[in-house]
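**Student:** Sequence and predicted structure, then a few things I'm wondering about:
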Number of protein chains: 2
Amino acid sequence: MGTESAVPLERIGALELFRFLPEDALLAIRNVMQARRVERGAVIIEQGAPANRAYALCMGSVRIVQTGTDGRQAILRFIGPGETFGTIALFTNHRYPADAIAVEASTILVWTESDLLALLNRYPGIASNVIRVLGARIAQLQDRVRELTTQRVEQLIAHALLRLSEQAGRAGTRGTTIEIPLRRQDLAEFAGTTLHTASRVLSAWKKEGLIATSGQRLIIHDLSAISALAQGDDLTA
Amino acid sequence: MGTESAVPLERIGALELFRFLPEDALLAIRNVMQARRVERGAVIIEQGAPANRAYALCMGSVRIVQTGTDGRQAILRFIGPGETFGTIALFTNHRYPADAIAVEASTILVWTESDLLALLNRYPGIASNVIRVLGARIAQLQDRVRELTTQRVEQLIAHALLRLSEQAGRAGTRGTTIEIPLRRQDLAEFAGTTLHTASRVLSAWKKEGLIATSGQRLIIHDLSAISALAQGDDLTA
DNA sequence: TGCCGGGTTTGATCCAGCGCAAACCGGGGC
DNA sequence: GCCCCGGTTTGCGCTGGATCAAACCCGGCA
């Protein structure tokens, strides 16, 4: 509470969950919404905790990390502004399947489960949005599973970059900048490899001028080359 | 058409998509449904084709296979009786993301897209079923992505067996039989490895008495041992 | 009965990528 | 200025699995 009235309706209507809804729905949604500021590194959702809230990201970025029983972890996805997270668990076993951690200082929007369910019942448009969003997620996860089983790390990393640039890329004169602060470690866990291999591959690409790093941001100079690498083409050929 | 009137309403209500629905809904669903018999190896859905039908499996088994641009393929999942397939594409980009191939002679149920959408609008219970099903699928895919990035093949294969036994296992005196005809190749593509490695691992386990094969069926004698292997425990320790 | 063909097993070799270890780099605090 | 610390880079050796190759097994069929 407090600042949530500052969020304009268009912002709410732009959230993937709440597209194509009438204005009264957006109002109702905003009424039961809370805005929260979290600092860098904050654990927004803890894996295994009982699920009773749904979240959307307003500003900043968040990473979704799943940890196995052996302690090893994989980054399932990054969340950019407008995207939803922590919702699936509400519809399945009511346990969050992964951690959600703020990559940088961010503001998030929060709904309680009961409020969200009430909204869902009242405005069926939300349900079709949910279905659309989940469907897209499945499609992406399936692609990733295939890639992980068939491709080698260089291609995996290339795909990771493509995904990130698609999702959080801002086009500039020198190429596309990924608007998420990324450490090598993050990239590695996202692509499915180790810090060291990821670093090697990336510095090779940097040397060839395909990419560059400015601080925590990554700039892709030659998107088509990365794309080719993702397909498995060997650039040196 | 023809035989579809033979499918009893309870069968329809047991399909994951149509749980918890009133009888009139089931009737409506059956009215626009078609039953079809397909023989072993038949391609029910072709990857890339425009999506305009939804399917459910009545009897038999189906495998969902995605092929990459490089031609290499991965089995995304197996379908057992009662499960739905080919539905996501209706809600996303209207292209089937993978092939669906009959593993054995099977009977499938088919709905046209427009009929299904009409049903969805009329009976909101279906939408929540869809959400539940998709949510479960996402959870599973996420687990798999993590496993693929962190675990080694032995564990991956163990997990594959666990999934299959969970999904299509029939408990017997000698252990659990997986009710899907599986070649080593299938297992390999499902677990994310090669035919050869899969064969090696499985014959090792067979030698230790953990599993057995009778024809195309696989029997898991010691489920707990497989489970331990999936966790990464080394049995020889 | 022998042959054929799909599937499985097993051996031998090779290398991509992991693990370990050490050096390096840059920014913030004191 | 210097040091500390999180992150990055790089070198090196090892190995898990992929790849290549060949034998084997078995049911169906002529």
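**Tutor:** Sure thing, it's come through. Note that this is a predicted model, so its numbers are computed, not measured.
**Student:** Rounded mean pLDDT for the host helix or strand of A:Glu189, please.
**Tutor:** Assigned by DSSP states H and E, A:Glu189 falls within helix A:184-191. Mean pLDDT, computed over helix A:184-191, is 97.
**Student:** touching DNA strand D at all, it?
**Tutor:** Yes - for a cut-off given as CB under 7 Å from any atom of the strand, helix A:184-191 has contacts with DNA strand D, namely A:Arg184, A:Gln185. Glycine gets a C-beta too; all of them are placed from N, C-alpha and C.
**Student:** So which bits of that helix are buried?
**Tutor:** Neighbour counts over helix A:184-191 (16 or more other CB atoms under 10 Å in any protein chain shown) mark A:Arg184, A:Asp186, A:Leu187, A:Ala188, A:Glu189, A:Phe190, A:Ala191 as buried.
**Student:** does the closest residue to the second one other than its chain neighbours count as helix, strand or coil?
**Tutor:** By the measure of CB to CB, 6 or more residues apart in numbering or on different chains, the closest residue to A:Asp186 outside its immediate chain neighbours is A:Ile75, 6.2 Å from it. The three-state assignment at A:Ile75 reads strand, by DSSP: H, G, I helix; E, B strand; the rest coil.
**Student:** Give me the distance between A:Ile75 and B:Thr194.
**Tutor:** Distance from A:Ile75 to B:Thr194, counting by CB to CB, to the nearest Å: 27 Å.
**Student:** swap in A:Ala204?
**Tutor:** Distance of A:Ala204 to B:Thr194, computed by CB to CB: 27 Å.
**Student:** In chain A, spot the helix with the most residues.
**Tutor:** Identified as the longest helix of chain A according to DSSP state H is helix A:124-150.
**Student:** is that one anywhere near chain B?
**Tutor:** Yes - Helix A:124-150 comes into contact with chain B (CB under 8 Å from any CB of the partner chain), by way of A:124, A:127-128, A:130-132, A:134-139, A:141-150.
**Student:** before we move on, back to that, more neighbours, A:Ile75 and B:Thr194?
**Tutor:** A:Ile75 (24 against 15; other CB atoms under 10 Å in any protein chain shown).
**Student:** Buried residues, stretch A:119-133. List them.
**Tutor:** A:Leu119, A:Leu120, A:Tyr123, A:Ile126, A:Ala127, A:Ser128, A:Asn129, A:Val130, A:Ile131, A:Arg132, A:Val133.
**Student:** Could you identify the most distant pair in these?
**Tutor:** A:Leu119 and A:Arg132 (16.3 Å; CB to CB).
**Student:** for chain A, which spans come out with low pLDDT?
**Tutor:** Along chain A, the model assigns pLDDT under 70 to residues A:1-5, A:235-237.
**Student:** where do the strands sit along it?
**Tutor:** A:34-38, A:43-45, A:53-59, A:62-67, A:73-79, A:84-85, A:99-102, A:106-112, A:169-172, A:175-178, A:211-214, A:217-220 (DSSP state E).
**Student:** for these, which one sits closest to B:Arg163?
**Tutor:** When the strands of chain A are compared by CB to CB, strand A:62-67 sits nearest B:Arg163, at 16.8 Å.
**Student:** what's in contact with that closest one?
**Tutor:** Strand A:62-67 has contacts (CB atoms under 8 Å, 6 or more residues apart in numbering or on different chains) with A:44, A:47, A:73-79, A:85, A:97-103, A:106, A:108, A:186, A:189, B:142-143, B:146.
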